[in-house]
Every structure is written in C-alpha cells, then in structure tokens.
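> I would like to see how this sequence folds:
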Amino acid sequence: MIGLEAHPATTLSERVMLLLGAQGPQTAGMLCADVLGVAGAPPTVADRLAVALLAADPRVRQLGDGRWSLVAEACGSPLIEECAFAVVDVETTGMRAWGGDRITEIAIAVVHGARREVVFDSLVNPERRIPPLVSGLTGISDAMVRSAPRFTDLADAVLAALGGRVFVAHNARFDWAFVGAELRRAREVVLDGPRLCTVKLARRLVRGVRSCGLDNLTRHFGFENPARHRAGGDALVTAELLSRLLGLARETGARTMQDLSAIETRPRTARRRRRSASPTEPRDDSLPEPCG
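Below is the predicted model of the structure:
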C-alpha cells in the first residue's frame with residue numbers, strides 16, 4: 001500500500017497484523033484462538049468476531065476461501081497455492097536457440113496443488129538434421145522425427161498449455177529461449193510473464209548436495225526418471241522437484257510468487273573450501289546441459 005491510510009489502531013488489530021505477517025492467511029477460527037484467546041469458537045461466532053474486528057481495516061482482506069490475509073498478499077503478488085505452474089522441458093538439435101538449432105521434442109507438465117501431470121508431449125520435426133552426438137544423448141533420431149509435426153503445427157497447443165501459468169524449467173533460460181524462438185517463428189508472438197528456474201531455487205533451498213544438476217537432485221530426493229533426456233520424463237521429474245522445492249520455500253516463510261522470485265535472486269551463501277594444488281572437477285550444473 002502506497003501513501004497514508006487511516007485505520008483502526010487497537011491493540012487487537014496490531015496483533016492480527018503481526019500474526020498475518022508472520023504466518024500468512026488465517027481462518028477466523030485461528031484468529032479467534034490466537035488473538036482473542038477464544039479457542040473452539042463455533043464457525044459462525046468466529047466469522048462474526050473476525051468481521052467486527054477486521055472488516056473496516058484497509059490493511060486486511062478476506063480471501064475467496066474465507067481466510068483473512070494482508071492486502072499485500074491478497075491483491076498483490078499471488079499466493080503460491082493459487083498459482084498453476086507449467087513445467088517445460090525441450091530436447092533440441094543443439095545449444096543455439098537463435099542460431100539455427102531447433103526443438104526435437106517438447107513436454108509440458110502442470111503443477112497446481114497436488115496435481116502433477118504431463119498435459120502436452122510431442123516429438124517435433126526440426127526441419128534439419130540432428131547431430132549424431134545429440135541423437136546418442138537423447139535417443140531421438142532423424143527417422144523418429146521425420147513424420148512428426150513441425151513446431152508451427154504445435155504452436156497453438158503449446159500456447160494453450162502455457163497460458164495463464166508460471167513458466168518453470170530446470171535451467172529455465174535454455175528452455176525459455178528455445179520455446180520463445182520457436183513461437184516467434186511460428187506465430188510472431190513473444191513470450192512474456194513470470195518464470196522460475198528450479199536450478200536457481202535448488203541452489204538456495206537444498207542443503208547437502210554437491211551440485212544441482214537434474215540427475216544429482218533426482219538421486220538426492222529419490223525420484224525415478226526412466227526416460228532421462230526425453231522431454232516427457234524430464235518434465236515430470238522436474239515437476240516433482242518443483243513440488244519439493246515449493247515445500248522447502250514455504251518452510252522458509254515464502255507465501256507468494258514474489259517470495260519465490262526473491263529466493264531465486266538472493267545471494268548464495270559462500271562455502272568455505274579447502275585449497276588444493278590440483279584442479280577440481282567442474283560442478284554438474286556449472287555448464288549447461290546440452291539439448292534439454
């Protein structure tokens with residue numbers, strides 16, 4: 001809220017502000033128990049007390065599910081549980097999204113509350129040869145994509161799967177660049193909106209791992225991914241990873257999309273390392289993973 005506002009200055013109101021600021025949205029029953037000391041009040045009584053105490057306070061708003069929240073959370077950055085996430089993975093002919101390389105496979109998995117499912121998964125004819133090194137990594141050959149649809153044939157379905165959702169990927173810059181380049185060529189549209197990178201989130205939320213490459217995090221959390229380096233398998237395991245990271249973020253007090261973005265960009269804690277005369281191996285996530 002910008003500028004001066006007049007609001008009730010009762011002690012009870014300030015206690016509500018402190019509680020909502022520290023713990024996020026609360027039900028009327030929880031407010032009665034924690035602020036008024038009235039535990040176990042019937043729902044109708046609790047609702048009336050909450051309305052009497054808070055309805056005139058411009059700093060507070062009642063959410064659609066009946067909980068009370070600070071206005072900054074209610075009408076500013078959306079709450080995490082209100083967000084739907086589109087977890088994207090692409091396999092490609094190389095690393096240069098704007099330099100001639102193309103998508104050979106794309107999958108999109110939706111994460112929304114307890115929902116985690118692949119809603120789009122397709123091979124793509126890249127309209128160019130796939131380098132042997134890339135085929136060896138992904139298992140996608142020229143023969144497999146020869147009769148696959150071109151991206152221009154899939155663009156509308158991709159846009160529909162992404163629409164209204166937060167773009168998420170493991171190394172999001174890579175997938176965003178390729179999807180954005182393909183959509184620009186196919187429909188002359190530009191991707192715009194919120195995005196999250198599970199690599200960046202993991203680096204700041206996961207403890208006890210040497211690297212935050214997808215393989216290492218999959219082992220760390222005990223996920224299964226029988227289709228590694230295929231878009232559907234990697235999108236689904238990244239969706240599982242995102243769900244775990246959202247839980248870890250909530251444990252640190254994150255409530256909104258703005259909080260998640262702040263976690264991504266906050267400085268990483270420097271690790272003290274013993275000096276060695278011999279060169280060290282690069283971290284798994286210090287170099288971009290080729291082709292998705």
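> need the contact list for residue 140.
Residue 140 sits next to 91, 104-105, 123, 130, 134, 230 when contact means C-beta atoms under 8 Å, 6 or more residues apart in numbering. Heads up, the C-betas are built off the backbone N, CA and C, glycines and all.
> narrow those to those in helices?
Per DSSP state H, helices hold the following members of those: residue 134.
> tell me which helix or strand residue 121 sits in.
Secondary structure assigned from DSSP states H and E places residue 121 in strand 115-123.
> got CSV for the contacts of residue 140, with pLDDT too?
As requested, the contacts of residue 140 are arranged in CSV below (pLDDT from 0 to 100):
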residue, pLDDT
91, 97
104, 98
105, 98
123, 98
130, 97
134, 95
230, 93
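> one step back: what helices and strands are in contact with the strand holding residue 121?
Strand 115-123 is packed against strand 103-112, helix 151-162, helix 231-251, with contacts defined by 3 or more C-beta pairs under 8 Å, 6 or more residues apart in numbering; DSSP states H and E.
> and for stretch 40-51, what's in contact with it?
Contacts made with stretch 40-51 from outside it, assessed by C-beta under 8 Å, 6+ apart, are listed as 27-29, 31-33, 36, 38, 66, 68.
> which of those fall within strands?
Of the positions in these, residue 68 sit in strands, assigned by DSSP state E.
> tell me the strands beside the strand holding residue 121, with direction?
For strand 115-123, the pairing partners within the sheet under DSSP bridges are strand 103-112 (antiparallel).
> output the partner strand as CSV, nothing but the C-alphas.
Backbone C-alpha positions of strand 103-112 (Å, rounded to 0.1, in the frame of the first residue of the first chain) are rendered in CSV as follows:
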residue,chain,number,x,y,z
ILE,A,103,13.4,-28.2,-30.9
THR,A,104,13.1,-32.0,-31.5
GLU,A,105,10.7,-32.8,-28.6
ILE,A,106,8.7,-30.7,-26.1
ALA,A,107,6.7,-31.7,-23.0
ILE,A,108,4.7,-29.6,-20.5
ALA,A,109,3.7,-30.8,-17.1
VAL,A,110,1.2,-28.9,-14.9
VAL,A,111,1.8,-28.5,-11.2
HIS,A,112,-1.2,-27.0,-9.3
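> how far out from the middle of the chain is it?
Between the mean C-alpha point of strand 103-112 and the mean C-alpha point of its chain there is a distance of 13 Å (C-alpha atoms, centre = their mean, to the nearest Å).
> and the angle for that strand with helix 151-162?
Angle of strand 103-112 versus helix 151-162, following axes from the mean of the first three to the mean of the last three C-alpha atoms, to 10 degrees, is 10 degrees.
> list the buried residues for strand 103-112?
Buried residues in strand 103-112, counted by 16 or more other C-beta atoms under 10 Å: 103-111.
> same question for stretch 201-212.
Residues of stretch 201-212 classed as buried: 201-206, 209, 211-212 (neighbour count, 16+ other C-beta under 10 Å).
> quick one: residue 121 and residue 231 touch, right?
Yes. Taking C-beta atoms under 8 Å as the definition, residue 121 is a contact partner of residue 231 at 6.4 Å.
> so residue 220 lies in a helix, does it not?
Yes. With the criterion set as DSSP: H, G, I helix; E, B strand; the rest coil, the secondary structure at residue 220 is a helix.
> give me the neighbour count for it.
Residue 220: 17 surrounding residues under other C-beta atoms under 10 Å.
> kindly report the same for residue 221.
Number of residues near residue 221 (other C-beta under 10 Å) recorded here: 15.
> ok, now which ones touch it?
Contacts for residue 221 (C-beta under 8 Å, 6+ apart) come out as 240-241, 244.
> the same query, at a cut-off of 6 Å, please.
For residue 221, the contact set (C-beta atoms under 6 Å, 6 or more residues apart in numbering) comprises residue 244.
> coming back round to it: out of the buried residues of strand 103-112, which is nearest to residue 14?
Taking C-beta to C-beta as the measure, residue 111 is the one of those closest to residue 14, at 36.8 Å.
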